[in-house]
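> Sequence below, structure please.
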Amino acid sequence: MGDQNGISYIQGQAYAVRALVHFDALKAYGQHFITGQGGASSLGVPYVKTYKVSENLTPARGTVASNVADITADLTTAIAMMSGWTQPVSSSYMTLAGAYAVGARALLYAASVTGDYSGAASMSKWVIDNSGKSPVTASGFASSYTTDNASNSIFEIAMSGSDNPGINGVAYILRGTSYGDVRILTGDGANPDLLDLALERPGDVRFAANMVGTAQGYPTVLGKFPTMTGSDNVTIIRVEEMHLIYAEAMLWQGDAATALTYLNNIPAIRGLGADYYKEATLANILKERRVEFYCEGLRYDDLLRTGQGMPLIDSTKQLNDDRTGTTPSYGDYNTAMPIYQSELNANSNMVQNYGY
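Predicted coordinates for the structure are as follows:
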């Protein structure tokens, strides 16, 4: 027989990954932010816990509350099963720190429905204190995106030359010769875009020439997905996020002083100084998250979980809601994805999302 701690660790990894994929599905399809759909009691996603060919072929959708409970239970189980393993594990695999980090992200998101920020605070602080990971310095920021298992990486997807996504890779979407869909714009004053934030932060390494520049004649992101072949690992969670989750959770719990300390931990090592922010506010934390994680897939979730719709930056360059001529507002049905017809056809218990 194998080492029991090692066997438990592998099982714990599966629980943590199951929690992560169901959390991502809940964000895309859950009805918790749709006006009139009931918040925590609204439709979530089916939470599939068994795999047998002859059973559970038509799972019904759970509620948002039951999804959050299942995600939390899976992560609790994962952490218990993984805690006995003491050997180092690459961040290309789910780790104990990865399980805590998934929990911090999921519980911060869920707190917008539950009102409970304590779990996000405790899990993010555990990662900060115990993961052995630290935010990269200004000099190492750009290279962290070309370094597999970098010092700030909590969990990442391993990629190689044979995994080449071609024109479907993020780099190609940002600056490819036939795509290049994502451009960095200036806003209208009321709705600043990323280029506005760059201009107000001279010296910030996140907007240095090797990170943000011009491709196909337009300003775009150069440094976060550096190879067009997709051979660099894709970081899903890094420790900088834990500092900002902890800052936000502590702010919601009334500890503005601690929130300010952890908020300033990030700009302090990005070239802006240790006291860049004078006050910990939700607006400042969300701004720092926007700057730190641009093109990493967090901003849309941040908008919805804080009761904001999709801002209209430029009506000629941004996809509008065809019904109103504006982007979807908070509570609009199309801020959640529709259930695909193929899923409805295959599962008699599947229910379409409101509005579609």
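> residues in contact with V212?
With contact taken as Cβ atoms under 8 Å, 6 or more residues apart in numbering, V212 is in contact with I184, A198, R206, P219, T220, V221, L222, G223. Just so you know, the C-beta spots here come from the backbone N, C-alpha and C atoms, and that holds for glycine as well.
> Just the buried residues of those residues.
I184, A198, R206, P219, T220, V221, L222, G223 (16 or more other Cβ atoms under 10 Å).
> The fourth one: what's its closest spatial neighbour, skipping adjacent residues?
Closest residue to P219 in three dimensions, ignoring its sequence neighbours and counting by Cβ to Cβ, 6 or more residues apart in numbering: I184, at 4.5 Å.
> tell me the secondary structure for the one you found?
coil (DSSP: H, G, I helix; E, B strand; the rest coil).
> what's the spacing between it and L286?
18 Å (Cβ to Cβ, to the nearest Å).
> now do I167
Counting by Cβ to Cβ, the gap from I167 to L286 is 32 Å.
> Mind checking which of the two has more residues around it?
Taking other Cβ atoms under 10 Å, I167 and L286 do not tie; L286 has more neighbours (17 against 12).
> check contacts around the more buried one.
L286 is in contact with D302, T306, counting by Cβ under 8 Å, 6+ apart.
> what about 6 Å?
D302 (Cβ atoms under 6 Å, 6 or more residues apart in numbering).
> Kindly report the same for T335.
Counting by Cβ under 6 Å, 6+ apart, the residues that T335 touches are P328.
> out of the contacts of V212, who's nearest M350?
Checking the contacts of V212 against M350 by Cβ to Cβ gives V221 as the nearest, at 36.6 Å.
> That closest one contacts E296, doesn't it?
No. Between V221 and E296 there is no contact under Cβ atoms under 6 Å: 10.0 Å.
> for the stretch 1-150 of the chain, which spans come out with low pLDDT?
Within the stretch 1-150 of the chain, the stretches with pLDDT under 70 are 1-2, 53.
> quick one: the one helix or strand A120 maps to to chain centroid distance?
Using DSSP states H and E, A120 maps to helix 118-130. Using Cα atoms, centre = their mean, to the nearest Å, the mean C-alpha position of helix 118-130 is found 16 Å from that of the whole chain.
> And stretch 214-222, by the same measure?
24 Å.
> contacts for it?
For stretch 214-222, using Cβ under 6 Å, 6+ apart, the contacting residues are L174, R175, G180, R183, I184, G213, C295.
> List the contacts of N349.
Counting by Cβ under 6 Å, 6+ apart, N349 has contacts T58, A60.
> actually G355, not the one I typed
Y333.
> Report the separation between the residue nearest in space to the middle of the chain and I236.
Nearest residue to the geometric centre of the chain (Cα atoms, centre = their mean): L298, 4.0 Å. Per Cβ to Cβ, L298 is found 11 Å from I236.
> what does A256 give?
As judged by Cβ to Cβ, A256 and I236 stand 30 Å apart.
> Looking at the two, which is more packed in?
Neighbour tally, A256 and I236, criterion other Cβ under 10 Å: the higher count belongs to I236, 21 against 15.
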